[in-house]
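S.K.: predicted model follows, preceded by the sequence.
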Amino acid sequence: MDVAQIEKWADFKEFIQFIKDKDYQTIVVDPIGELMEKLKRFMVASGDSKLVQKDGSPTMAGWGWLKRLYGTISSF
């Protein structure tokens, strides 16, 4: 069994690119909530005022962005 330590969202994106060329049949993300937090931190760090309020919480558009991107995880 191979294990990847994912510290930030960029690590996860890099991991997905890496495994696309491999012969993995199943990938388990545990805990998935932690990956969502990494995605949320990535969004906040972007500083996009359409996605993030001044207090750092997601806007309505930000929640939609998170939902769409998070939903793509199963299609990797």
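M.R.: Happy to help now that I have it.
S.K.: what about stretch 45-53, how long is it end to end?
M.R.: Distance between the two ends of stretch 45-53: 12 Å, counting by CA to CA, to the nearest Å.
S.K.: name the residues of that stretch that are buried.
M.R.: By neighbour count on 16 or more other CB atoms under 10 Å, the buried set for stretch 45-53 is 51-52. Every C-beta, even on glycine, is put in place using the N, C-alpha and C of the backbone.
S.K.: check what contacts it and list those residues.
M.R.: 43-44, 58-59, 61-62, 65 (CB atoms under 8 Å, 6 or more residues apart in numbering).
S.K.: in helices, which of the residues you listed fall?
M.R.: Among these, the ones falling in helices (DSSP state H) are 43-44, 61-62, 65.
S.K.: how about CSV for those, with pLDDT added?
M.R.: Formatted as CSV, these follow (pLDDT from 0 to 100):
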residue, pLDDT
Met43, 92
Val44, 91
Ala61, 96
Gly62, 94
Trp65, 93
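S.K.: now for those: which two are most distant?
M.R.: The largest separation in these, counting by CB to CB, is between Val44 and Ala61 at 13.5 Å.
S.K.: I'm done for today, thanks for sticking with me.
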